[in-house]
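A.B. asks: okay, predicted coordinates and the sequence, questions at the end:
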Amino acid sequence: MLAAIIAIFAIIADQITKYIVVQNIELHDKIPFIKGFMSFYHTRNTGGGWSILDGGGSERVVLITVSLLAMGLVVFVLAKNYHRHMLMNISLAMVLGGGIGNMIDRIRLQYVVDFLHTEFIDFPTFNIADCFISVGAVLLIIYVLFYDSKVEKRLAEEKAANEALIGAENAEPQGEEIEEAETTQENTEEKGENE
C-alpha cells in the first residue's frame, strides 16, 4: 500500500509541476530560482537521460519499449519481494513513479518536459520524475549494500523456525497415534482376558 501511494504521489507531483512550467514559462526561457544554484529552464527532451536515443522515430519506439520493460521488471520485483524491507519498497516505488511520469510525457507529447537546471555544475536539465528515479536508485543501492544480507539472514531464520514448527506439529499427532494404538491394544487384550 505504501509503495502504491509513493508511486502515485511521484506521478502526480511530476505531472503537476510539468503542467505549471508549460503554462507559465515559455520554451527555452530561464527563470532564476536560487541564484548561482538552480533555475527553471523550460526544455524538451525527445530522448532518454542525457538525451540518449534522441533521434525520434524508431529510437523513440526503442526507448518506450525499454522503459516499459524496465517498469514491468520493477513492478514484478516489488510484487514478488514486497515483504522483504520497507526501504526496498520505497526505493522501487520512487523509481516506478518517476518512470511512469516520464513515460506519460513520451507517449502523450513525444518528448519529456524538463525544467530544473543546475547553475553550479554542468548537468542536463531534469524534472521531478528524474528526481524520484535518482533518489529511488540511490536508496536501492543503500538497501542492497547495507540491508539485503541482513534481510536474507532474517528470512532464512524465519523459514527455519517455520519449518521446525511445522515439523513439531507433524510429530505430535504421531505420538498421539502411538498412544491411541497402545490404548486400543490394551483394550483388546482386556476384552480377550474377560472372555
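C.D. replies: Cool, got the structure.
A.B. asks: spatially central residue in this protein, please.
C.D. replies: With distances taken as Cα atoms, centre = their mean, the chain has residue 92 as the residue nearest its mean C-alpha position (2.0 Å).
A.B. asks: might you report the residue contacts of it?
C.D. replies: Applying Cβ atoms under 8 Å, 6 or more residues apart in numbering, we find residue 92 in contact with 3, 74, 77, 78, 136, 140. Every residue, glycine included, has its C-beta placed from N, CA and C.
A.B. asks: among the residues you listed, which lie within helices?
C.D. replies: Helix and strand membership here follows DSSP state H; of the contacts of residue 92, those in helices are 3, 74, 77, 78, 136, 140.
A.B. asks: nearest spatial neighbour of residue 36, skipping sequence neighbours?
C.D. replies: Taking Cβ to Cβ, 6 or more residues apart in numbering as the measure, residue 36 lies nearest to residue 119, with 5.4 Å between them; neighbours along the chain are not counted.
A.B. asks: can you tell me how far that neighbour is from residue 97?
C.D. replies: Distance, residue 119 to residue 97, by Cβ to Cβ, to the nearest Å: 27 Å.
A.B. asks: just residue 114 next, same as before
C.D. replies: In this view, residue 114 and residue 97 are 17 Å apart by Cβ to Cβ.
A.B. asks: same thing with residue 149?
C.D. replies: With distances taken as Cβ to Cβ, residue 149 is found 27 Å from residue 97.
A.B. asks: out of these two, which sits in the busier spot?
C.D. replies: A side-by-side neighbour count of residue 149 and residue 97, using other Cβ atoms under 10 Å, places residue 97 first with 28 against 10.
A.B. asks: buried set for the strand or helix carrying that one?
C.D. replies: Secondary-structure element containing residue 97, defined by DSSP states H and E: helix 86-109. Using 16 or more other Cβ atoms under 10 Å as the burial criterion, the residues of helix 86-109 that qualify are 87-106.
A.B. asks: rewinding a little: between the ones in helices among the contacts of residue 92, which is closest to residue 44?
C.D. replies: Using Cβ to Cβ, residue 136 is the member of the ones in helices among the contacts of residue 92 that sits closest to residue 44, with 23.7 Å.
A.B. asks: ok, back up a step: number of nearby residues for the residue nearest to residue 36?
C.D. replies: Residue 119 is flanked by 16 other residues according to other Cβ under 10 Å.
A.B. asks: with only the CA atoms kept, save the helix or strand containing residue 60 in PDB.
C.D. replies: According to DSSP H and E, residue 60 maps onto helix 58-80. As requested, C-alpha coordinates have been extracted for helix 58-80 and formatted as PDB (Å, rounded to 0.1, in the frame of the first residue of the first chain):
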ATOM      1  CA  SER A  58      12.400   4.100 -34.300                       C
ATOM      2  CA  GLU A  59      14.700   5.300 -31.500                       C
ATOM      3  CA  ARG A  60      11.700   6.700 -29.700                       C
ATOM      4  CA  VAL A  61       9.900   3.300 -30.000                       C
ATOM      5  CA  VAL A  62      13.100   1.500 -28.700                       C
ATOM      6  CA  LEU A  63      13.200   4.000 -25.700                       C
ATOM      7  CA  ILE A  64       9.500   3.500 -24.900                       C
ATOM      8  CA  THR A  65       9.800  -0.300 -25.200                       C
ATOM      9  CA  VAL A  66      12.900  -0.500 -23.000                       C
ATOM     10  CA  SER A  67      11.200   1.900 -20.400                       C
ATOM     11  CA  LEU A  68       8.100  -0.300 -20.400                       C
ATOM     12  CA  LEU A  69      10.200  -3.400 -19.900                       C
ATOM     13  CA  ALA A  70      12.100  -1.800 -17.100                       C
ATOM     14  CA  MET A  71       8.900  -0.600 -15.300                       C
ATOM     15  CA  GLY A  72       7.400  -4.100 -15.700                       C
ATOM     16  CA  LEU A  73      10.500  -5.500 -14.100                       C
ATOM     17  CA  VAL A  74      10.300  -3.000 -11.200                       C
ATOM     18  CA  VAL A  75       6.600  -4.000 -10.700                       C
ATOM     19  CA  PHE A  76       7.500  -7.700 -10.800                       C
ATOM     20  CA  VAL A  77      10.300  -7.300  -8.300                       C
ATOM     21  CA  LEU A  78       8.200  -5.200  -6.000                       C
ATOM     22  CA  ALA A  79       5.300  -7.600  -6.000                       C
ATOM     23  CA  LYS A  80       7.400 -10.700  -5.500                       C
END
